[in-house]
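Enquirer: Sequence and computational prediction follow.
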Amino acid sequence: MMVTDNKKRTSRADTSLKAEHEYICGNSGTGKSSYIKEIMKGYKRIIAFDPDDEYGTMPGFTRIETARELVAKLKAAGSGNFKIAFVGEGKAAFEFWCECVFKVGLCLAIAEEIADVTSPAKAPPAWGKLIRRGRKFGVKICAVTQRPAEADKTILSNAAFIRTFALGRFSDRQAISREIQLSINVMEKMRPLDWIHFARADLTKTAGRLGQRRAAIPINDNGESLQKGPAKDTIMKA
Ligand SMILES: Nc1ncnc2c1ncn2[C@@H]1O[C@H](COP(=O)(O)OP(=O)(O)O)[C@@H](O)[C@H]1O
Ligand SMILES: [Mg+2]
């Protein structure tokens, strides 16, 4: 566990934060992709595992379907910039993608719907290696899922940041509630676009809503605002 370091937690612009893994979960349509688009703004080398074919048409992205093309594209990119959407499906394709990310290093690696290619039991080997050692090579993983209860736990426990949007299933809320020490009742009150963000370095939680102007609000384990003043009520309104 890292010791609290005020310099480190100030902003995402701080380059020292850039290779810290992030876990993003929520039902379909709750705001995960909108959040990831914000993260992507800070990176020039991006590679997505994109089974649902969502990134290929984004500005600057090359859509790639085969392992051979992926290797060729990364070799051509060398130490330069790239934005790649690998439209792979299944566990073998995912493991291959993990190997490629590990080799290329220094990038933002977005893994979409990890519950389809991992299980809670044990991380697939290349994925496990990427999680544990990727950071040293400047790889920031963004692992995305609608089903935290059904997905790999290695990334959940190794993520420096966990951002949860609304989750429809009890088992999924339970998994996140336990990991970030947040009352499950608070999670039940979340609606699409609401989010709660956990920073492992200092165990803080903040809450907000996409598209909302006001700053994120620090909250306690019961979802109550830690801000001074009258706003003592819970953040997520029933
Ligand atoms: N800032 C925002 N304000 C209002 N609506 C938004 C905002 N961000 C996203 N949405 C809407 O919320 C829906 C879900 O967003 P999306 O990020 O695609 O969710 P997910 O990736 O979790 O399925 C989309 O219809 C999108 O238009
Ligand atoms: Mg999405």
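Expert: Yep, that arrived. Ligands and ions are numbered 1, 2, ... in the order given.

Enquirer: in this protein, what residue is nearest ligand 2?
Expert: Using CB to the ion, the closest approach of the chain to ligand 2 is made by residue 33 at 3.3 Å. Where C-beta positions appear, they are placed from N, C-alpha and C, glycine not excepted.

Enquirer: hang on, that residue packs against residue 54?
Expert: Yes - Residue 33 lies in contact with residue 54 (CB atoms under 8 Å); the separation is 7.0 Å.

Enquirer: Now for the nearest residue to residue 148 once chain neighbours are set aside, how many residues are close by?
Expert: Nearest residue to residue 148, sequence neighbours excluded (CB to CB, 6 or more residues apart in numbering): residue 175, at 4.3 Å. For residue 175, the count of nearby residues is 22 (other CB atoms under 10 Å).

Enquirer: So what's the residue count around the closest residue to ligand 1 within the chain?
Expert: Closest residue of the chain to ligand 1, CB to the nearest ligand atom: residue 211 (2.8 Å). Neighbours of residue 211 under the rule other CB under 10 Å: 8.

Enquirer: what's the single longest helix in this protein?
Expert: helix 91-104 (DSSP state H).

Enquirer: residues in contact with it?
Expert: For helix 91-104, contacts defined as CB atoms under 8 Å, 6 or more residues apart in numbering pick out 45, 47, 49, 67, 70-71, 74, 77, 86, 88, 107, 109, 111, 117-118, 124-127, 129-130, 133-134, 137, 139.

Enquirer: From those, list just the buried residues.
Expert: Among the contacts of helix 91-104, those buried by neighbour count (16 or more other CB atoms under 10 Å) are 45, 47, 49, 67, 70-71, 74, 77, 86, 88, 107, 109, 111, 117-118, 124, 126-127, 130, 134, 139.

Enquirer: Among those residues, which ones are in strands?
Expert: 45, 47, 49, 86, 107, 109, 111, 139 (DSSP state E).

Enquirer: partners of the first one in the sheet?
Expert: According to DSSP bridges, residue 82 are recorded as the beta-bridge partners of residue 45.

Enquirer: now swap in the fifth one and tell me
Expert: Legend: beta-bridge partners of residue 107 under DSSP bridges are residue 139.

Enquirer: how near is it to residue 24?
Expert: For residue 107, the distance to residue 24 (CB to CB, to the nearest Å) stands at 17 Å.

Enquirer: Check whether stretch 45-53 comes into contact with ligand 1.
Expert: No - Stretch 45-53 lies out of reach of ligand 1 by CB under 6 Å from any ligand atom, never closer than 9.7 Å.
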